[in-house]
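Novice: next one to model:
(one chain, ligands or ions: 1)
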Amino acid sequence: MASLINLLATRAREVKASAIREICKLIAKPQIRSMAGGWPDPATFPVEELKEIVTQVLVDKPHLALQYTTSEGLPELREFLAGWLKEKDQVDCTPDQIVITHGSAQAMELTAKIFIERGDIAFVGLPTYFGGSGACQTFGAELVGVEVDQDGMNVEELELKVIQAQKEGKRPKLIYVIPDFQNPAGVTMIKERRNRLVAIAERYGLVIAEDNPYRDLRYSSQPLPPVMTCSPLGRVVYLRSFSKIFCPGFRLAFAVGDSSVIRRMVIARQFEDCCTAAFGQYVLYEFCKRGLLDIQIEKNCSHYKLKRDSLLRALDEHFPKELKWNRPDGGFFVFVHLPQEYDGEELLREAVKKDVAFVAGAPFFVDGSGCNTFRLSFAQAEISVIEEAVADLGKLLKERILK
Ligand SMILES: Cc1ncc(COP(=O)(O)O)c(C=O)c1O
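Specialist: Below is the predicted model:
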């Protein structure tokens, strides 16, 4: 075995395992009360509707649904999505500007694959979801972190870092942002920053990867325009996912961009998975055609809003006042800042002994900072479990950490 390890390509050796996957091992005890994973609540999955639709697809179109399909994705599904995006997000696009992918993880991987050359600079949030940074790193990008505050990525700092990179003779190439209910920080980028972000990408010739899987899971406040619509010159690849609003098991998502960029992504995927599995696409298309997608989104919002509110109430009641956390308008996450001298990972080890789990924040910071942070997800745990777990965590924080 060791001899094969010696043969590994640099990109396989350099990329680290996701910290979340590692944590899953640590917390795989049945009694654990977990606020760690960003997985959706299975209680939201539209099982009854799917039983009927899956049967219908198998009866009506087995020759298509069980067959290979086009690398772009089903034309009728892309047609539907173009109309849906126009109606919901005022995104103007044609079906040939859409590629259906296996999760937005694949859409991000394809984005990095077609744009990133070894040594290019990719700018990511501090903190950021590691799917985006990991994809860029796989293709040899150097990652540069940019502060994320309560208003999203700090675009003034971003511009200074782009200029700095240029001065050093480096190649700034891509900005990875999650503008709505960011993972892990839960914050939303304000409108002025969205415009400024696009202006920076245009001025310095960068591409923006706008990753937006939580956009439709909004529980308060009004939606802001996607970064994509702030960029008439097509600087943005817009990544959307069905994982959180439908179910992740079908691994369905899509990317929207300039048709020449989407074409490159389609060609790139022909040598990895050829096409997104047809079966799931037909099922999703039928789900959408029956008008169930928007109903499903509404149901999900009511479901997760209750959970968000419960978590925030529990935090207000049980957490020491020295800690700071955000109040997200949507998505799955609350991000907690401990006083500077405390360590999120140490707290996690203590918390696991009390059967409470979350994700320590450090792995979300590409510059090695953020040790005093941690992420709580309200998506999966039952409300009573969230309340109990936060009460116990609050007690632990008061007794052990902030004594
Ligand atoms: C910001 C962000 N992007 C992408 C993904 C992956 O989504 P998908 O299931 O569509 O691959 C996640 C999942 O947690 C996420 O939080």
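Novice: can we go C-alpha only for contacts and neighbour counts from here?
Specialist: Will do.
Novice: distance of the residue nearest to Val15 when sequence neighbours are not counted from Glu117?
Specialist: Nearest residue to Val15 in three dimensions, chain neighbours excluded: Thr138, at 6.3 Å (C-alpha to C-alpha, 6 or more residues apart in numbering). Thr138 is 10 Å from Glu117, where distance means C-alpha to C-alpha, to the nearest Å.
Novice: test my guess that Phe45 contacts Pro248.
Specialist: No: at 9.3 Å, Phe45 does not count as touching Pro248 under the criterion of C-alpha atoms under 8 Å.
Novice: where does this structure have its least confident helix or strand?
Specialist: Ranking every helix and strand in the chain by mean pLDDT, DSSP states H and E puts helix 19-26 at the bottom, with a mean of 65.
Novice: could you chop this protein up by domain?
Specialist: 17-38+295-401, 61-290 (automatic domain parsing).
Novice: out of those domains, point me to the one whose mean pLDDT is lowest.
Specialist: Note on the domains of the chain: domain 17-38+295-401 shows the lowest mean pLDDT, a mean of 93.
Novice: for the host helix or strand of Lys88, C-alpha coordinates in CSV please.
Specialist: Per DSSP states H and E: Lys88 is located in helix 75-89. Taking Å, rounded to 0.1, in the frame of the first residue of the first chain, the C-alpha atoms of helix 75-89 are listed here in CSV:
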residue,chain,number,x,y,z
PRO,A,75,-33.6,20.6,-21.5
GLU,A,76,-37.1,20.7,-20.0
LEU,A,77,-35.6,21.1,-16.4
ARG,A,78,-33.2,23.8,-17.6
GLU,A,79,-36.1,25.6,-19.3
PHE,A,80,-38.1,25.4,-16.1
LEU,A,81,-35.2,26.7,-14.0
ALA,A,82,-34.6,29.7,-16.3
GLY,A,83,-38.2,30.7,-15.8
TRP,A,84,-38.1,30.1,-12.1
LEU,A,85,-34.9,32.2,-11.7
LYS,A,86,-36.5,35.0,-13.6
GLU,A,87,-39.6,35.0,-11.5
LYS,A,88,-37.9,34.6,-8.1
ASP,A,89,-34.5,36.3,-8.5
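Novice: so for stretch 90-100, what gets flagged as buried?
Specialist: Within stretch 90-100, the residues that count as buried by 16 or more other C-alpha atoms under 10 Å are Val91, Cys93, Thr94, Pro95, Asp96, Gln97, Ile98, Val99, Ile100.
Novice: a markdown table for those residues, including distance to Arg313?
Specialist: Converted to a markdown table, the buried residues of stretch 90-100 look like this (distance: C-alpha to C-alpha, whole Å):
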| residue | distance to Arg313 |
| --- | --- |
| Val91 | 36 |
| Cys93 | 41 |
| Thr94 | 44 |
| Pro95 | 44 |
| Asp96 | 46 |
| Gln97 | 43 |
| Ile98 | 41 |
| Val99 | 41 |
| Ile100 | 39 |
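Novice: wait, Val385 sits on Ile32?
Specialist: No: counting by C-alpha under 8 Å, Val385 stays clear of Ile32, with 9.8 Å between them.
Novice: cool, thanks, talk later.
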